[in-house]
Every structure is written in C-alpha cells, then in structure tokens.
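Undergrad: I would like to see how this sequence folds:
(2 chains)
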Amino acid sequence: SSRQRVNSELFTLTYGALVTQLCKDYENDEEVNKQLDKMGYNIGVRLIEDFLARSSIGRCQDFRETADVIAKVAFKMYLGITPSVTNWSPAGDELSLILESNPLVDFVELPDNHSSLVYSNLLCGVLRGALEMVQMAVDVKFAQDTLRGDNVTEIRMKFIKRMEENLPAGDE
Amino acid sequence: METRFTRGKSAILERSLAKLFSEMVQYCQSQVYSASGVLCVGLLDVLDVLVLREEWKRETKVLNILLFIKVSVWRALFGKDKLDGFPAKATVHRHKGTTLMIKFDEAVIARDKALEGR
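TA: Model (predicted):
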C-alpha cells in the first residue's frame, strides 16, 4: 500500500537524516558509532516498558528464551521483521541475529569515506538499553553488514552478567 | 490492495518513527543553544499520542511535517481549532548542518506555563 511505502520511506529518511547529522557533528566514524549507540540506549531504556505492556510477555527463563522473544516478538513489533537466531556459542551465552532485511537501510549506500561507520548501530544501543532494564548486561555489535558488502546483516549479542535490581531505599 | 498485514506494518513503522523522532529532537535540543521559545519537550509525548490516533498524514516534505506538528501541538496544548494568528513559525534553521526548530512566540510559552500552573 502507498501508505506503507510512505511510512517506510519516512522512517528510512528520518534515520538517514540522523546519521547524516551525526556525521557532520562528530569528527570520525567511531564517534558517530558511539553516539548512535548512546541514542539507541536512551530509546531502549524507555522502549522496554512499551514492549512489556504491549506484548504481555512474562519473565524469560533463560538467555535462549530472551533471544527468541527479541527476534520473534520485539523485532516484529518495532521493525516488522523477524531475524533468525543462530550461531549459539557452546556456553549458550552468545548468539547471532541474522537480518534478511533492515528497514533502516533501504536505499542507503555508504559513501567511501565512511568505511568504519556502523550505520545501524542505533539498534545495538536499543537492545543493550532495553535488556539492562530487565537486569541483563549484554554486549551487542554488528558482525556483518550488507551496507559494507557482506551477504547478510548479522548482530552478535553476548550475555555478560545478570545485574542486581536497584530498589529505591525504603522499598519492601 | 491493503491487507491486514500491510496495515499492521504501516502502523509499526509509524510508532517506531515517533520514538526515533523523539530521540532526535532531544539530541537536537542538547546540541543547539536557545535562549527561549523552543518547545521540544511537548513534541515527544504529542508525537506518540498522534501516532496512536493515526493522525500522521502522508507528509513527505519536511516543512509540511513541521507545519503538521505545529498545528497538532497547538491543538494538544490548548485544545483550540482556531489557528489564525498562530504565533509561531516552523523554520529549517541551518546551524552546523541542519537543525529543525519550532519557535513559539513568548506569549505561547507564558500561556502554557500558566496552564500548567492550574
């Protein structure tokens, strides 16, 4: 439908405008990547409440379940895509999300002088921020990126540790 | 042909766009010094609400979007449909790249503060 196309384009253009602005504001790609991660983090810490409210998902039993929920529910809910979950480490603490498509990068091409730019790094921050709010410290990064010539887009996510819940003083 | 699936995906991206836009507005606000009259904070919640009401129209031009936001923010804040002499302007302000600003007249800010104080 044309409305879907308009919204897709608006979404892609808006994200593109953000990345373009950051490239102008910051000296180098590494700084832009950091800023994208930080902004994603800010979005993620708020997004988790929206997600829990709309999905009615209860507490996940383990990291495997968490990964499934992220791929099948969260990605679907916010980006309309369902990455596949693969490449589990033997310890079960690291996995890959393979994205067949990515609404952030439709029609985007990286110019030559931005070879270190992780264009969709916002997503890593979103995942990191959202999981931190449910007491999971994770490390998230892009392992492959179709924008940089790889065949697929792969996000690698590693479980670091469970975080202590911070209760305000005086709570029972 | 619009199916249930495509309607869903359209709404998905609208919501995500609002969240992304909110964060971008906050970023812009942190980067641009303004003495007064830049009303960004209200945009965050207003955009979310507007998306839920499916009032996000097919505006593909940036200034049209800003105009739409201006109208909607006014309505959301003051609940009035009369927009004559709306004391604000939406401009694309170029400063270290492109920064989008909605500048409200002092009177609007003062009135908003007075309403908040009720």
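Undergrad: so which residue is smack in the middle of chain A?
TA: Compute the mean C-alpha point of chain A, and by CA atoms, centre = their mean the closest residue is A:Leu123, 2.3 Å away.
Undergrad: gap between whichever helix or strand that one is part of and the chain center?
TA: Under DSSP states H and E, the secondary-structure element containing A:Leu123 is helix A:121-132. Remark: helix A:121-132 is offset 5 Å from the chain centroid, using CA atoms, centre = their mean, to the nearest Å.
Undergrad: how far does the longest helix seen in chain A sit from its chain's centre?
TA: In terms of residue count, the longest helix belonging to chain A (DSSP state H) is helix A:29-55. Centroid displacement of helix A:29-55 relative to its chain, using CA atoms, centre = their mean, is 7 Å.
Undergrad: got the buried residues for it?
TA: The neighbour-count check on helix A:29-55 (16 or more other CB atoms under 10 Å in any protein chain shown) flags A:29, A:32-33, A:35-48, A:51 as buried. C-betas here are computed from N, CA, C, even on glycine.
Undergrad: same check on stretch A:149-165?
TA: A:153-157, A:159.
Undergrad: got those as CSV, with pLDDT, secondary structure and distance to chain B columns?
TA: Formatted as CSV, those follow (pLDDT from 0 to 100; DSSP: H, G, I helix; E, B strand; the rest coil; distance: CB to the nearest CB, whole Å):
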residue, pLDDT, secondary structure, distance to chain B
A:Thr153, 96, strand, 17
A:Glu154, 97, strand, 21
A:Ile155, 98, strand, 17
A:Arg156, 98, strand, 23
A:Met157, 98, strand, 20
A:Phe159, 97, strand, 25
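Undergrad: using TSV, please lay out those together with distance to A:Leu13.
TA: Output for the buried residues of stretch A:149-165, formatted as TSV (distance: CB to CB, whole Å):
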residue	distance to A:Leu13
A:Thr153	19
A:Glu154	25
A:Ile155	23
A:Arg156	28
A:Met157	28
A:Phe159	35
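Undergrad: can you say which two of the residues you listed are spatially most distant?
TA: Maximum pairwise distance among those (CB to CB): 20.9 Å, between A:Thr153 and A:Phe159.
Undergrad: circling back: tell me which strands the helix or strand just after the helix holding A:Leu123 pairs with, and in which orientation.
TA: Next in sequence after helix A:121-132, counting helices and strands by DSSP H and E, comes strand A:136-144. Its sheet considered, strand A:136-144 pairs with strand A:153-162 (antiparallel) by DSSP bridges.
Undergrad: so which bits of chain A are right by chain B?
TA: Within reach of chain B by CB under 8 Å from any CB of the partner chain, chain A has these residues: A:1-4, A:6-11, A:14-15, A:17-18, A:20-21, A:24-25, A:39, A:42-43, A:46-47, A:77-80, A:103, A:122.
Undergrad: just the buried members of those residues?
TA: Buried among these by 16+ other CB under 10 Å: A:3-4, A:6-8, A:10-11, A:14-15, A:17-18, A:21, A:39, A:42-43, A:46-47, A:77-80, A:103, A:122.
Undergrad: which of those residues fall in helices?
TA: Of these, the ones assigned to helices by DSSP H are A:3-4, A:6-8, A:10-11, A:14-15, A:17-18, A:21, A:39, A:42-43, A:46-47, A:77-79, A:122.
Undergrad: can you tell me the closest non-neighbouring residue to the residue nearest to the centre of chain A?
TA: Spatial nearest neighbour of A:Leu123, excluding adjacent residues (CB to CB, 6 or more residues apart in numbering or on different chains): A:Gly40 at 6.3 Å.
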